[in-house]
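1. Just the structure for this:
(one chain, ligands or ions: 1)
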Amino acid sequence: MSESKGIAYCGEKYIPVEKASIPILDPAFTKSDVVFDVISAWDGKFFKLEDHLARFHRSCDYIRVSPPVSDDEIRRIMAECVTRSGFDHAAVYILCTRGRYPGGTATGDPRMAENEFIAYAVPYYWIVPKERVNTGAHIWIADTRRAPDAAINQRVKNYNRMDLTRAQFEALDAGADAPVLLSTEGFITEGPGFNVWILKNGKVLTPGENLLEGITRKSVFELCAEAGLDAEAVDLTEDDFKNADEAFISSTGGGIIAITMVNNKPIGNGAPGLTTGKLSDSYWSKRAEGWEATALADLLNLENSQAAGAD
Ligand code: PLP
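-> Numbering: from 1, shown residues only. The predicted structure is shown next:
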């Protein structure tokens, strides 16, 4: 399914995603002055929609933008984008852009901006090549460091991604699937679009600083608690990662995916880990059973009943 078949809500209209654009004079373009979130819709249901909306609002508050639509409208617009696209499995992006302000981007006052809301649906994606879901991904610990939180707060879902993109070039040039970046202090952080985890001596460990706190990461903590696994956020070094018993990625784009190689060195015996496999299976089976699911149909019916009420 092609990305271009997606539907966007942009300029208060539903249009093909290929036609949706941000004006060159919106600092969302010239200054990356925008925050966003990405939510998956699977077989007519959003997953953990309220967690994503809460994170979106925390991101908005941090950069001082405010979506000009209510949360009920955001939920309904998202459901419309997926339904109009006709995707069974979709990723829905929601963005709040700074918008233009008097005086222009260079010298104007951003507090005077008219913030804008954009949403669009594209087909669901896997953050590493799909075939790696079975075989495990090859991750590259890059030389490029993650921009520190003191400069760009990575808990805010942002598009300031020069570090992630440079690291991606390093990974691809080395023949790996995706990079993982170290912090300026030398600890593992995350990769473009995913958090990372290792298993060591029965403990499930993930970094806790200088990263986006993924909604899938939160899900992994929940799955570990259910499975009686000890999971913790700790500082991890490159060596911890390379000497792990198992390792995996967590992301809206693919759920839980094994990592089987780091910088050309196999993790464990080089096959996807057993615990990783169990966590991934329970992630997908719980989702199929309706784990924190919001039915798109309910959101669209809400619109109908509200419209009916307005008549
Ligand atoms: N880290 C970064 C930089 C991301 O962009 C993402 C998601 O896009 C993640 C981690 C994973 O977050 P989530 O599980 O909410 O998809």
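2. Assign Ser219 to helix, strand or coil.
-> Under DSSP: H, G, I helix; E, B strand; the rest coil, Ser219 falls in the helix class.
3. tell me the SS of the closest residue to it other than its chain neighbours?
-> Leaving out its chain neighbours, the residue that sits closest to Ser219 by CB to CB, 6 or more residues apart in numbering is Tyr283, at 6.4 Å. (C-beta placed from N, C-alpha, C; glycine too.) Judged by three-state DSSP, the three-state class of Tyr283 is helix.
4. Tyr283 is in contact with Ile257, isn't it?
-> No: with contacts counted by CB atoms under 8 Å, Tyr283 stays clear of Ile257, the gap being 10.3 Å.
5. Please identify which of those two sits among more neighbours.
-> Per other CB atoms under 10 Å, whichever of Tyr283 and Ile257 has more neighbours is Ile257, with 27 against 21.
6. tell me which strands and helices the helix or strand containing the more buried one is in contact with?
-> Here Ile257 is covered by strand 255-262, with elements defined by DSSP states H and E. Here strand 255-262 touches helix 132-135, strand 137-145, helix 215-227, strand 246-251, helix 274-288, going by 3 or more CB pairs under 8 Å, 6 or more residues apart in numbering; DSSP states H and E.
7. Show me what the mean pLDDT comes to for the helix or strand that that strand is followed by.
-> Downstream of strand 255-262, the next assigned helix or strand under DSSP H and E is strand 265-266. For strand 265-266, the mean pLDDT works out to 98.
8. again with stretch 293-309
-> What stretch 293-309 shows for mean pLDDT is 74.
9. just so I have it, where are all the helices in the chain?
-> Secondary structure of the chain (DSSP state H): helices located at 27-30, 49-63, 71-85, 104-107, 132-135, 162-173, 215-227, 238-242, 274-288, 296-310.
10. most tightly surrounded among those helices?
-> The highest mean neighbour count among these, using mean count of other CB atoms under 10 Å, belongs to helix 71-85: a mean of 21.
11. Would you mind listing the outside residues contacting that one?
-> Contact partners of helix 71-85, identified using CB atoms under 8 Å, 6 or more residues apart in numbering, comprise 5-9, 14, 39, 41, 46, 49, 53, 67, 69, 90, 92, 94, 117, 119-122, 294, 296, 299-300, 302-303.
12. And the buried ones among those, selectable in ChimeraX?
-> For the buried members of the contacts of helix 71-85, the matching ChimeraX selection, counting by 16 or more other CB atoms under 10 Å, is:
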select :6,7,8,9,14,39,41,46,49,53,67,69,90,92,94,117,119,120,121,122,294,296,299,300,303
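13. Would you tell me which of the helices of the chain gets closest to the ligand?
-> helix 215-227 (3.2 Å; CB to the nearest ligand atom).
14. what about stretch 202-218, near the ligand?
-> Yes: residues of stretch 202-218 are located near the ligand by CB under 6 Å from any ligand atom, namely 211-212, 214-217.
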